[in-house]
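[1] Here is a sequence with its predicted model. Questions after.
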Amino acid sequence: MRREPRLDMLESYFPVLVFIAVGIVFGCLPMILGWFIGPRHPDAEKDSAYECGFEAFEDARLKFDVRYYLIAIVFILFDLEIAFLFPWASIFKEIVGNPAIKLFGFVEMLVFLGILLIGYVYAWAKGALDWE
């Protein structure tokens, strides 16, 4: 026996679908209009090298070293983890002022910072932060 989805459940997704559709229209419509309406008059001046004064001597699509991406990922990871300190800092007065959770709030942040420190030491030991 197959159950049909309830209509009221499907209606709850309608605002989400409208939001997605409006986002796609507002994101794609200016690009499409620019493609069709924008002037296209290429000439030698427009096709010349921009600002540098000389032609490029290498391909602009060179591959970067993997270490560059690794350092960028480690930076983003630790930067986002530090962002988790802000909510704790914003309620720090309430944590300190409440004797029931004072020790819990302190230990909780020590555990978080300990995990963060272990991750940092691990990344350092694996050579993720070395740039030669």
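    Alright, I've got the coordinates.
[2] low-scoring stretches of this structure, by residue?
    For the chain, residues meeting the criterion pLDDT under 70 lie at 1-9, 49-57, 60, 132.
[3] So which residues of it form helices?
    7-11, 14-37, 66-83, 85-90, 92-97, 102-125 (DSSP state H).
[4] The last one to helix 66-83, inter-axis angle?
    Here helix 102-125 runs at an angle of 170 degrees relative to helix 66-83 (axes from the mean of the first three to the mean of the last three C-alpha atoms, to 10 degrees).
[5] Please name every helix or strand in contact with helix 102-125.
    In terms of contacts (3 or more C-beta pairs under 8 Å, 6 or more residues apart in numbering; DSSP states H and E), helix 102-125 is packed against helix 66-83, helix 85-90, helix 92-97. The C-beta positions use only the backbone N, C-alpha and C, and glycine is treated the same way.
[6] List the buried residues in it.
    Of the residues in helix 102-125, those scored as buried under the neighbour-count criterion (16 or more other C-beta atoms under 10 Å) are Gly105, Met109, Leu116, Tyr120, Ala123.
[7] Same check on the fifth one?
    Residues Ile95 are the ones in helix 92-97 that count as buried (16+ other C-beta under 10 Å).
[8] what's in contact with it?
    Trp88, Ile101, Lys102, Gly105, Phe106 (C-beta atoms under 8 Å, 6 or more residues apart in numbering).
[9] Look up how far Ala83 lies from the residue minimising distance to the centre of the chain.
    The centre of the chain sits closest to Ile76, judged by C-alpha atoms, centre = their mean, with a distance of 8.1 Å. Between Ile76 and Ala83 the computed distance is 11 Å (C-beta to C-beta, to the nearest Å).
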